[in-house]
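Participant: Sequence and predicted model, in that order:
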Amino acid sequence: MTTVINLDGQRVLITGAGGNIGAGIARCFAAAGAEVIAHYHRSASTTQALAEEIGATTAQADLTNPAQRQAMLDRVGRIDVLVNNAAVQTVRPLKETTTEEWNAIVDTNLNAVFALTQAAVTTMKRGAVITIASIEGTHPAEGHAAYATTKAAVIMHTKAAALEYGRLGIRCNAVSPGLIGREGIEEQWPEGVARWHAAAPLHRLGTPEDVGNACVFLASPLAEWITGQNLVVDGGVSTHPTW
Ligand SMILES: NC(=O)c1ccc[n+]([C@@H]2O[C@H](COP(=O)([O-])OP(=O)(O)OC[C@H]3O[C@@H](n4cnc5c(N)ncnc54)[C@H](OP(=O)(O)O)[C@@H]3O)[C@@H](O)[C@H]2O)c1
């Protein structure tokens, strides 16, 4: 049986939709018939072009700024699905990481997810929250300590939110991607891409749409009894023993 997911009538707010994976998520929700609200921070022209391509509207906010976050939600109104996709990643060994750098990553990747989710669920009548975590939430790479720590934290936030928001009919799940391709990655990081190809049982990088399709599934009635889970979308890389 082939099941086509139809999210007609669902209003979906996707944060960081001007970014690589965010745009893929937005395209997948639009293809499923959802009404997409494409959030951006600085990528105004990219997000506007995406919105025109898929028939979305846009919403701007620095998600670390409480006033901007709330103003955006007030403008957007009722939503049925929130996709917490926006995040930052810096590479720095722990011994060189300053408190300011650590706090900046935690502010965007964790604190903003907590606060946006808390405010957004008040606009929902039933619905779904999907947070983009990472395989680094369980297996950190060297130099990614702050990033990986926030990704572990949003996986736990997802479970805790599922526990508390379930009584409102709101399901909360995480999606943890592996390495997702982006323009130029093969030239910029050939050895990393080669290692990934060798390690992944499915022998390719992920695409933004691989992540988007997982999000659409988790937002859909097909997942109506799934909450508090972390769906790993990594071509099988994390099946390997790590020693
Ligand atoms: N790339 C991968 O291989 C990979 C693997 C696992 C997980 N992930 C996760 O997937 C998600 C998307 O990653 P990506 O690779 O697509 O990254 P990306 O292209 O850098 O996109 C991230 C987006 O986050 C937004 N953002 C950052 N700081 C913000 C702030 N203070 N307020 C509002 N928005 C902010 C940016 O918006 P503007 O551009 O508008 O400023 C940006 O478009 C992230 O959660 C990331 O951790 C990525």
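Facilitator: Now that the structure is in, tell me what you want to look at.

Participant: which helices and strands does the longest helix seen in the chain pack with?
Facilitator: Longest helix in the chain by number of residues (criterion: DSSP state H): helix 145-165. In this structure, helix 145-165 makes packing contacts with helix 99-106, helix 112-120, strand 127-132, strand 170-177, judged by 3 or more Cβ pairs under 8 Å, 6 or more residues apart in numbering; DSSP states H and E. Backbone N, C-alpha and C define where each C-beta goes, glycine included.

Participant: and the first one, does that touch the ligand?
Facilitator: No - interface with the ligand: helix 99-106 contributes nothing (Cβ under 6 Å from any ligand atom), its closest point being 8.9 Å away.

Participant: Adjust the sequence numbering to begin at 22 for everything that follows.
Facilitator: Done: numbering now begins at 22, and the last item shifts to helix 120-127.

Participant: If I take that helix and helix 133-141, what angle do their directions form?
Facilitator: On the basis of axes from the mean of the first three to the mean of the last three Cα atoms, to 10 degrees, helix 120-127 is oriented at 40 degrees to helix 133-141.

Participant: CA-only coordinates of helix 120-127, as CSV, when you get a sec.
Facilitator: Listed next in CSV are the C-alpha coordinates belonging to helix 120-127 (Å, rounded to 0.1, in the frame of the first residue of the first chain):
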residue,chain,number,x,y,z
THR,A,120,32.0,31.0,28.5
GLU,A,121,30.6,33.5,26.0
GLU,A,122,30.9,31.1,23.1
TRP,A,123,29.4,28.3,25.2
ASN,A,124,26.5,30.4,26.3
ALA,A,125,25.8,31.7,22.7
ILE,A,126,25.4,28.1,21.4
VAL,A,127,23.2,27.1,24.4
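
Participant: what separates it from the chain centre, distance-wise?
Facilitator: Relative to the chain's own centre, helix 120-127 is displaced by 20 Å; criterion: Cα atoms, centre = their mean, to the nearest Å.
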